[in-house]
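Asker: Structure, please.
(chains A and B)
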Amino acid sequence: MSEALNSDLWVDQYGDMLYRYTLVRVKNPDAAEEIVQVTLLAALQSKQSFQGRSTEKSWLFGILKHKIMDHFRELKTRRTYELTPEDGSDPLENAYQSDGHWANAPKNWDTDPHKAVENKELVAAMAQCMDRLSEKFRNIFVLKEIEGLTSEEICKELNIKPTNLWVILHRARNQLRKCLETHNWDTKK
Amino acid sequence: MIRSLRLTCEDTNPLISELMDHDLPWKKRWRLKLHLMICGVCNIYKRQLEIIHALARKLGHEEAPSQKEAVLSKQAKTKIKDTLKQSS
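Answerer: Numbers count the residues shown, from 1 in each chain, chains lettered A, B, ... in the order given. Next comes the predicted model:
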């Protein structure tokens, strides 16, 4: 067993880091706490498998990623990820004129992806806007955009049809756009 | 005939989103490209979606500075430590 492994210190050293990483993905603080605990327990039980090939931190994050995915899979057994009437309408529904051109044109945010990620106000606004998505939309958006799963992987993991997945992602992105436009973040920062 | 080849903004926007998730048949891709060549507003829309994608990736990064400075509560830490001790 590597001397570097010390489960007593894990909570103090990595607890908050693992928790924050989880909270961005699952939103619910209790669920995030539970996932961190399950992760550290699994790590403790497989201490022998830690060969020191990676750092202790990346080893723990590796286990955490699996546990987060287990959480999403588990949710599937309790709710449907298919699109239902309760999911409401497309936020872009009234955005067009009858000829298909924009009626409410999107605003020019005067930034680009590289600059945007350096803008702390904008990143904070994005975190808030993500938390305003419904649980279903948020989970699917997280799997696609944060976890980087392919459409095929998401459909398989969550038992949904590709067309439904695309509609959900499109609507989630439009809700985020709409929400970000209501925040007063400074484009020059 | 020409009308049927041309996409409106309304037709285009779901395709911009879809192209971020999976490949499109070449005909659709081509029509989308054509529309984006002439429509400034849809380019703004596309840029917004690209920014949203980049922001999400940033938030999900291991080292991302948390906006909420979220931390595990003292009670939670004690509970997890106890659980680990019991099982070791």
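Asker: Find the centremost residue of chain A, please.
Answerer: residue A:142 (2.8 Å; CA atoms, centre = their mean).
Asker: for chain B, same thing?
Answerer: Mean-position check on chain B, CA atoms, centre = their mean. Result residue B:53 at 3.4 Å.
Asker: In three-state terms, label that residue for me.
Answerer: Secondary structure assignment for residue B:53 (DSSP: H, G, I helix; E, B strand; the rest coil): helix.
Asker: Please name the residues that touch it.
Answerer: A:113, A:145, B:20 (CB atoms under 8 Å, 6 or more residues apart in numbering or on different chains). Backbone N, C-alpha and C define where each C-beta goes, glycine included.
Asker: now, among the residues you listed, which is nearest to residue B:61?
Answerer: residue A:145 (12.2 Å; CB to CB).
Asker: pretty sure the closest one is in contact with residue B:57, am I right?
Answerer: Yes. Using CB atoms under 8 Å, residue A:145 makes contact with residue B:57 at a distance of 6.8 Å.
Asker: who are the neighbours in contact with the residue nearest to the centre of chain A?
Answerer: By CB under 8 Å, 6+ apart, the neighbours of residue A:142 are A:24, A:25, A:130, B:56, B:60.
Asker: which SSE is the third one in?
Answerer: This means residue A:130. Here residue A:130 sits within helix A:120-131, counting by DSSP states H and E.
Asker: Residue A:58: neighbour count?
Answerer: By the measure other CB atoms under 10 Å in any protein chain shown, the count of residues near residue A:58 is 10.
Asker: So which of the contacts of residue A:142 sit within strands?
Answerer: Judged by DSSP state E, strands contain none of those.
Asker: Can you tell me which of the contacts of residue B:53 comes closest to residue B:74?
Answerer: Of the contacts of residue B:53, the one sitting nearest to residue B:74 (CB to CB) turns out to be residue A:145, at 33.1 Å.
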